[in-house]
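A.B. asks: Curious how this folds, go ahead:
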Amino acid sequence: MSTIKTIFPDEFEAYKHWYPKALNATIHPMISFFLNLEQERIITRYCHMHPTVNGEKLREVLNHRSKHFLWAGADLLNVTSASGKRQMVVIENNSCPSGQKSMPLIDDNQEQGSYKLMVERTFKPYLLKLRNKIKGGLAVIYDKNPMEASGYAEVIADVMKEKVYYVDYYDDDPNPKVSFDGGVMYIRDENQDLIPIRAAFRYLTQKPWNRLPLHSKTKILNPTIACLAGGRNKMVAAKAYDIFNTELQEHGLKINIPETIWDVSKNEVPLWVKKMGGHAVIKVPYSNAGQGVYTIVTEEELNKFMELDFDYDLFIVQSLIGNSNWSSITSSGKLYHVGTIPNHKNQTFVADIRMMVSSTEKGIRPLCTYARRAENPLINDIEKGTDSWKMLGTNLSFKNEDGSWGSDTNRLVLMDRRDFNKLGIGLDDLIEAYIQTVLSMVAIDKMAQTLINKQGKFRMRLFKSLNNDKSLLDEIKMD
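C.D. replies: Model prediction:
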């Protein structure tokens, strides 16, 4: 059942928008220090630690003015090589990332936390640049994560000093409260009246391109093009990273990603898995929240994957980062998880780091960060019947039998005084994670700009050359 709620200023209640363990946590001093570091200090430090990096190019990237992809959250793995070289590897970048509900307050006096930072730094300036003077309201539309989506709605109402329509919008809703006419978004209220919307903050994660048109007069943050260009499309993201890495190479910069084979049909998957030594990650390019990702470490897991049916025709195969005894064989050698500091049982767990950033008047700035660990500890040797996803999968989201979403917060690692030390990372690792997040975000934004012509229209022929998956193309809502 679709619902609509009108939110007015001064309705924000902190307890509704954070996990209890995060709301009562005290931020770790190193995280607070990192989030308050000035850009020039970050550049100076990074270039000192990476002497081959061109500081001017790094400054240009960090000051990139995003046109389409204004708000991003990358998932990164802390890995090492056989020789002990550590790095942060980008697994994916998300165009409507979660994270606010898991972030301790940077300042106890700012009870709206980084929700307010996001709205003031990015969403409000975005509205001030509206070219299409639609006389209409503001809306937050969502299909997941109501804890954060409603938090944004309440903060937007406070910052903009006006009411905000808070509406769920599912891709299988037979009677949606959101519609488009002539490129303008309308919200249908309880009286069946259509309310025009001049700008919307969207938290649509499931196939947003089948509901949000590519050409919209209502400003949407992030717009659909950001999803298709890589924010919700791992296939095009991999190509965007590859193209941008070519530009970055002469400046000593690089987006660190697993070795990636794209445009793989299902019957080709076993060949690529074999080439990587029998260990690989297979991804449905358009899924998210841990759905559609398959870690393969045994013949049994590969056979299970091959028995499944899928909505799409093409897949991505990536090198698997595992333990020192079982990782994918790649052209650049093997990478292994650094993992958490061993617990009292001497168990090490895989953990990833989510770094959320947004485009501001002062460049792309970090907003918040948290980490997640896998359910089971890493083992040294793979045995028959091993469930590799429980060892390697870190996403907290899961789908209930009724189709609703839940979250396993027991595996949430907060950036607070208690949890942060378990990750075994330092300030330079945080800076590296931030720079990798920005590089991947800029790559996707540049791809989005390439996919829109000078008349502001989507270049479908170019997109098809990058991602010729008929099932996906049939889903895209143009107008």
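A.B. asks: Now do the helices in the stretch 1-150 of the chain.
C.D. replies: 20-23, 29-35, 39-49, 55-62, 113-118, 124-128, 146-160 (DSSP state H, counting those that start in this stretch).
A.B. asks: same thing with the stretch 151-300 of the chain?
C.D. replies: With DSSP H, counting those that start in this stretch as the criterion, the stretch 151-300 of the chain has helices spanning 224-226, 234-248, 269-275, 299-306.
A.B. asks: which residues of the stretch 1-150 of the chain score low on pLDDT?
C.D. replies: Scanning the stretch 1-150 of the chain for pLDDT under 70 picks out 1-2, 131-132.
A.B. asks: relative to its centroid, which residue of this structure is most remote?
C.D. replies: Ranked by distance from the centre of the chain (C-alpha atoms, centre = their mean), the top residue is residue 191, with 36.4 Å.
A.B. asks: Okay, it and residue 199: tell me how far apart.
C.D. replies: Distance of residue 191 to residue 199, given as C-beta to C-beta, to the nearest Å: 23 Å. Glycine gets a C-beta too; all of them are placed from N, C-alpha and C.
A.B. asks: can the helices of the stretch 1-150 of the chain go into TSV with extra columns for distance to residue 377 and mean neighbour count?
C.D. replies: TSV is the format used below for those (distance: least, C-beta to C-beta, whole Å; neighbours: other C-beta atoms under 10 Å):
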stretch	distance to residue 377	mean neighbour count
helix 20-23	22	16
helix 29-35	25	17
helix 39-49	31	14
helix 55-62	37	17
helix 113-118	31	24
helix 124-128	43	14
helix 146-160	29	22
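A.B. asks: any chance of those helices in TSV, with distance to residue 212 too?
C.D. replies: Output for the helices of the stretch 1-150 of the chain, formatted as TSV (distance: least, C-beta to C-beta, whole Å):
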stretch	distance to residue 212
helix 20-23	30
helix 29-35	31
helix 39-49	33
helix 55-62	28
helix 113-118	20
helix 124-128	16
helix 146-160	15
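A.B. asks: And those: which comes nearest residue 409?
C.D. replies: When the helices of the stretch 1-150 of the chain are compared by C-beta to C-beta, helix 20-23 sits nearest residue 409, at 6.9 Å.
A.B. asks: For the closest residue to residue 284 other than its chain neighbours, give me its contacts.
C.D. replies: In space, residue 284 comes closest to residue 292 once its chain neighbours are excluded; the distance is 3.2 Å by C-beta to C-beta, 6 or more residues apart in numbering. Each residue near residue 292 by C-beta atoms under 8 Å, 6 or more residues apart in numbering is listed here: 283-284, 286.
A.B. asks: buried ones in stretch 332-340?
C.D. replies: The neighbour-count check on stretch 332-340 (16 or more other C-beta atoms under 10 Å) flags 334-340 as buried.
A.B. asks: In strands, which of those residues fall?
C.D. replies: 335-337 (DSSP state E).
A.B. asks: From these, pick the one nearest residue 152.
C.D. replies: residue 337 (33.0 Å).
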